[in-house]
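Colleague: Sharing a model that was predicted from the sequence below.
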Number of protein chains: 2
Amino acid sequence: MTETVDRQVSFIYEPIEADLERVVQNLRDLAAQSGQLRDDALLEHAVLSGGKKLRPAITLLASRFHPHQGDAVVVMATAVELLHIATLIHDDTVDRASLRRGRATVSSHWGQDVAVMLGDYVFAISATFVCDTENVRVIRRFSETIMELARGQLTERFSVHDWKQTIQDYNERIYNKTASLFCTAAGSGAVLSGAPEPQCESLRNYGYNLGMAFQIMDDVLDFQGTEHELGKPVGNDLLQGTLTLPALLFARRYPDDAVLRRLREGSRDAADLKSMVDQVRSSPAMDETLAVMRRYQDAARTSLNVLPAGRARESLAALTDYVIDRRT
Amino acid sequence: MTETVDRQVSFIYEPIEADLERVVQNLRDLAAQSGQLRDDALLEHAVLSGGKKLRPAITLLASRFHPHQGDAVVVMATAVELLHIATLIHDDTVDRASLRRGRATVSSHWGQDVAVMLGDYVFAISATFVCDTENVRVIRRFSETIMELARGQLTERFSVHDWKQTIQDYNERIYNKTASLFCTAAGSGAVLSGAPEPQCESLRNYGYNLGMAFQIMDDVLDFQGTEHELGKPVGNDLLQGTLTLPALLFARRYPDDAVLRRLREGSRDAADLKSMVDQVRSSPAMDETLAVMRRYQDAARTSLNVLPAGRARESLAALTDYVIDRRT
């Protein structure tokens, strides 16, 4: 499977390799300014932390349907990656995560307080990059995306162990915390390339649906595999009280389940939670969740139909498979 | 003294009362959207926390030298206040402060993690307000200000107990953490009113110098009064390792002081720090610091000279006294 994924990845990234390298160079230039913070390693550690560069790749690919000049798209792709990095810094702080991509997180190495400040700094740098596009519509959408990301995190926090939440609540939340940025990544690439509005709209739809599929897949993977493979307990979200689609579909299907009833009545008992994880993962709710995910995946693919055929479209189509295959 | 300050305040705010009320109404409208976060009290608690509204008042006053129409200035003043609020939320998180203006801080009431996310949310809301001005120059300057605020916090953190830092380092730091936003508050009011560039430049200078004076005064006040008046130990900054102008001027004046030498060599001994606080506060470094502060105060006043005389200019001039008198 790894070999297939590797082939997928090089196929997807091939048409934008040179521009993605310019994005990485922008990050390197930024890391070289670490001295301004009186700590040479901090900014470098944060912005050169690797990762797949999935979101900037989407921005670059989405710009390839309309001929254009200038640096605005590469600048935007850099901003999108920086925003993602800032989000991870604060997420790891909030979650008290010690490792990310096999390296110490900023909060575990420098402390939570530095991580709060550095996250703010990287958020602001990302916004400054967006301003360089000089496109007020894109800048505004970017600010709204930061709002949505924060709102997604906050509502997730305030919904823990809340079995009264609806699937609509879940959808809104994963739009905010994940699909919003995918949507902005694709839409801004299209807008900045000067593409006509219907194309921009299709690419925003693509980003939205891809992001929803991506997050639902994440939520499925949390229930699959073993603790050893995941690096965290199976069903960790549910154990922590975060109710994702598999759990919510289980609750809809088996409203009278005895364990569910206890959890609904406020039980935080570890054995109840563990038992609910086991029930959910072996229930038809898993397949139901995958079916929902596939509908988003199909919608992402379908929204590409109105775009000119060619290498960029093929890459975006391949991406809809990749985000699903990546860890299964 | 309180009565004098009260009279100062009503004189300063009088010409912009109606517009400042519109800023407060914008904050109330925002607070009413708390439900979106699934916690009705959180956003309200954060954005309706009172305070003097000093920064939005500066934006409004700075717009009064050029006739203009539309809402851009009020929108900008709202953004400036929201940015200040976001900064306080994260500062209180980092400092683990339990009270602000006599009320529980977000981090003490809802937890540090919620405070991190809420701060991000309010930062983003402020940026969205700025986008409503549709002025790319103002939007860009606003993003840079957020960067500078975060950089000021980070460099302060990385400079604790560092007696090798220079007065230039201190100046850069207080520009970033305080004067930058004052400068932006004044400059954006001027730019959005459509004032000619020399006026904008004068108002930016005014904001810069006022902000520097404001922060130096804060750093002086930290050494004055009693623990009872301050609500924290006298010399708290120095006790925590934050070296401000009084301490740095003391070190320049008495390079061979025995306690200083021990601190330079890395002592974190509480008795040494306490003894250094006592020495600094009774030394001529206090008057030297006040003299530096007064030079910024004078520069702020002088930069008003090129502006049309009138009620707005009188308020801005009175503000240069107020920020000094406020707690002495």
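Modeller: On my side now, so go ahead.
Colleague: from here on, contacts and neighbour counts on C-alpha atoms
Modeller: Fine.
Colleague: which residues touch the most centrally placed residue in chain A?
Modeller: For chain A, residue A:178 is the residue whose C-alpha lies nearest the centre (Cα atoms, centre = their mean; 4.3 Å). Contact analysis of residue A:178 by Cα atoms under 8 Å, 6 or more residues apart in numbering or on different chains lists A:149, A:211, A:212, A:215.
Colleague: Now, these that are in helices?
Modeller: A:149, A:211, A:212, A:215 (DSSP state H).
Colleague: Tell me how many other residues crowd the second one.
Modeller: So the one you mean is residue A:211. By the criterion of other Cα atoms under 10 Å in any protein chain shown, residue A:211 has 27 neighbours.
Colleague: for residue A:258, same thing?
Modeller: Neighbour tally, residue A:258, other Cα under 10 Å: 12.
Colleague: Give the lowest-confidence helix or strand of chain A, using mean pLDDT as the measure.
Modeller: The weakest-scoring helix or strand in chain A, judged by mean pLDDT, DSSP states H and E, is helix A:227-230 (a mean of 78).
Colleague: That one: which residues count as buried?
Modeller: residue A:230 (16 or more other Cα atoms under 10 Å in any protein chain shown).
Colleague: Likewise for stretch A:232-248?
Modeller: For stretch A:232-248, by 16+ other Cα under 10 Å, it's A:233-239, A:241-248.
Colleague: So which bits of chain A are right by chain B?
Modeller: A:36-39, A:90, A:93-94, A:112-114, A:116-118, A:120-122, A:124-125, A:127-128, A:131-132, A:134-136, A:139-140, A:143-144, A:146-148, A:150-151, A:153-155, A:157-159 (Cα under 8 Å from any Cα of the partner chain).
Colleague: hmm, try it at 6 Å
Modeller: In this structure, chain A approaches chain B at residues A:37, A:94, A:113, A:117, A:121, A:124, A:127-128, A:131, A:140, A:143, A:146-147, A:150, A:155, judged by Cα under 6 Å from any Cα of the partner chain.
Colleague: Quick one: distance of the strand or helix carrying residue A:238 to the chain centre.
Modeller: In this structure, residue A:238 sits in helix A:236-239 according to DSSP states H and E. Computed by Cα atoms, centre = their mean, to the nearest Å, the chain-centroid distance of helix A:236-239 equals 19 Å.
Colleague: what do you get for stretch A:47-65?
Modeller: With Cα atoms, centre = their mean, you get 12 Å for stretch A:47-65.
Colleague: So which residues make contact with it?
Modeller: A:77, A:80, A:81, A:185, A:186, A:189, A:190, A:193, A:312 (Cα atoms under 6 Å, 6 or more residues apart in numbering or on different chains).
Colleague: Strands along the stretch 101-250 of chain A, start to end?
Modeller: Listed in chain order, the strands of the stretch 101-250 of chain A (DSSP state E, counting those that start in this stretch) span A:103-104.
Colleague: residue contacts, the closest residue to chain B within the stretch 151-300 of chain A?
Modeller: Going by Cα to the nearest Cα, chain B is nearest to residue A:155 of the stretch 151-300 of chain A, at 5.3 Å. Counting by Cα under 6 Å, 6+ apart, residue A:155 touches residue B:37.
Colleague: What does the pLDDT read for it?
Modeller: Listed pLDDT for residue A:155 reads 93.
Colleague: next one: residue A:250
Modeller: Confidence score, pLDDT, at residue A:250: 98.
Colleague: try residue A:328
Modeller: Note for residue A:328: predicted pLDDT of 44.
Colleague: now the helices for the stretch 201-328 of chain A?
Modeller: Per DSSP state H, counting those that start in this stretch, the stretch 201-328 of chain A carries helices over the ranges A:227-230, A:236-239, A:245-253, A:258-264, A:270-281, A:285-302, A:311-325.
Colleague: Can you flag the weakest of these by average pLDDT?
Modeller: helix A:227-230 (a mean of 78).
Colleague: if we can go back for a sec, now the helices of the stretch 201-328 of chain A as JSON lines including distance to residue A:49?
Modeller: Shown next, in JSON lines, are the helices of the stretch 201-328 of chain A (distance: least, Cα to Cα, whole Å):
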{"stretch": "helix A:227-230", "distance to residue A:49": "20"}
{"stretch": "helix A:236-239", "distance to residue A:49": "25"}
{"stretch": "helix A:245-253", "distance to residue A:49": "30"}
{"stretch": "helix A:258-264", "distance to residue A:49": "39"}
{"stretch": "helix A:270-281", "distance to residue A:49": "32"}
{"stretch": "helix A:285-302", "distance to residue A:49": "28"}
{"stretch": "helix A:311-325", "distance to residue A:49": "20"}
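Colleague: Those: which one's closest to residue A:205?
Modeller: helix A:285-302 (6.8 Å; Cα to Cα).
Colleague: and that closest one, what does it pack onto?
Modeller: Here helix A:285-302 touches helix A:197-221, helix A:245-253, going by 3 or more Cα pairs under 6 Å, 6 or more residues apart in numbering or on different chains; DSSP states H and E.
Colleague: got the contact list for the shortest one?
Modeller: Residues from elsewhere that reach helix A:245-253, judged by Cα under 6 Å, 6+ apart: A:285, A:286, A:289.
Colleague: can you rerun that using 7 Å?
Modeller: Residues from elsewhere that reach helix A:245-253, judged by Cα atoms under 7 Å, 6 or more residues apart in numbering or on different chains: A:167, A:220, A:280, A:285, A:286, A:289.
Colleague: Quick one: distance of it to the chain centre.
Modeller: 22 Å.
Colleague: Would you check that residue A:86 makes contact with residue A:121?
Modeller: No: taking contacts as Cα atoms under 7 Å, residue A:86 lies outside contact range of residue A:121: 8.1 Å.
Colleague: Next, residue A:51: secondary structure please.
Modeller: coil (DSSP: H, G, I helix; E, B strand; the rest coil).
Colleague: distance of it from residue B:120?
Modeller: Residue A:51 sits 23 Å away from residue B:120, going by Cα to Cα, to the nearest Å.
Colleague: Between these two, which is the more surrounded one?
Modeller: residue B:120 (27 against 10).
Colleague: residues in contact with the more buried one?
Modeller: residue A:150.
Colleague: same thing with residue A:276?
Modeller: Counting by Cα under 7 Å, 6+ apart, residue A:276 has contacts residue A:259.
Colleague: how near is it to residue A:250?
Modeller: 9 Å.
Colleague: do the same with residue A:97
Modeller: Taking Cα to Cα, one finds residue A:97 at 28 Å from residue A:250.
Colleague: Looking at those two, which one has more neighbours?
Modeller: residue A:250 (22 against 15).
Colleague: could you measure that one against residue A:283, distance?
Modeller: Distance of residue A:250 to residue A:283, given as Cα to Cα: 7 Å.
Colleague: do the same with residue A:308
Modeller: 42 Å.
Colleague: between the two, which one's more packed in?
Modeller: Just comparing residue A:308 and residue A:283: by other Cα under 10 Å the higher neighbour count belongs to residue A:283, 17 against 13.
Colleague: For that one, give me the pLDDT.
Modeller: 98.
Colleague: how near is it to residue A:246?
Modeller: On the measure of Cα to Cα, residue A:283 and residue A:246 end up 9 Å apart.
Colleague: Residue A:37 now?
Modeller: 44 Å.
Colleague: try residue A:88
Modeller: 24 Å.
Colleague: How about residue A:220?
Modeller: Separation of residue A:220 from residue A:246 (Cα to Cα) stands at 7 Å.
Colleague: cool, and residue A:202?
Modeller: Distance from residue A:202 to residue A:246, counting by Cα to Cα: 29 Å.
Colleague: before we move on, what about residue A:58?
Modeller: Per Cα to Cα, residue A:58 is found 28 Å from residue A:246.
Colleague: can you check residue A:29 too?
Modeller: For residue A:29 relative to residue A:246 (Cα to Cα), the value is 43 Å.
Colleague: now residue A:28
Modeller: Relative to residue A:246, residue A:28 is positioned 40 Å away (Cα to Cα).
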